[in-house]
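Chemist: output the structure for:
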Amino acid sequence: MNKTPTLPQKLMAEILGTAFLVFVGAGSITTTNFILGPKGVFSMADLGIIALAFAFAIAAMVYTIGHISGCHINPAVTIALAVSRRIGWRVAAAYVVAQLIGGILGALVMALAYGTSAAATLGYGATNFNAATTGY
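Modeler: Here you go, the predicted model:
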């Protein structure tokens, strides 16, 4: 009995995996900002914990959905696989759309968890430069 996942199952796995990565990864940044305050400066230890949050989220998703979709959870990975002809371009396009949906869903869950007031003060994990941060 062959249990090869269908394309909709693969796309749902990518949506859930990407949503989890965004929620945990960007959520770790938002949590660190919440602990340090909006003017806080990340130490190397803070950055290490954030990196570990991303790493554990990816490891959990590889274990959970890797056998279903390959656990791309990043459009860059999907496009690289399409360019190297390991997946077709139509499947890659569907994966990218699923990953974008997953990213939006993960961000929405994070916004619900932290509230809209956190957007202005904490930035929801948005990338920005802080010259006072050590280790650059």
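Chemist: what's the neighbour count on I87?
Modeler: Applying other CB atoms under 10 Å, we find 18 residues neighbouring I87. C-betas here are computed from N, CA, C, even on glycine.
Chemist: OK, contacts around it?
Modeler: 78, 81, 95 (CB atoms under 8 Å, 6 or more residues apart in numbering).
Chemist: out of everything not next to it in sequence, what's closest to K10?
Modeler: Excluding its sequence neighbours, the residue lying closest to K10 (CB to CB, 6 or more residues apart in numbering) is S69, at 4.0 Å.
Chemist: was I right about the one you found contacting E14?
Modeler: Yes - taking contacts as CB atoms under 8 Å, S69 lies within contact range of E14: 5.1 Å.
Chemist: the two: who's more crowded?
Modeler: Legend: neighbour count by other CB under 10 Å for S69 and E14, higher for E14 (30 against 23).
Chemist: packing partners for whichever strand or helix holds the more buried one?
Modeler: Assessed by DSSP states H and E, E14 sits inside helix 7-36. The contact analysis (3 or more CB pairs under 8 Å, 6 or more residues apart in numbering; DSSP states H and E) places helix 7-36 against helix 44-69, helix 89-114, helix 117-122.
Chemist: what's the offset of the first one from the middle of its chain?
Modeler: Between the centre of helix 44-69 and the centre of its chain there are 9 Å (CA atoms, centre = their mean, to the nearest Å).
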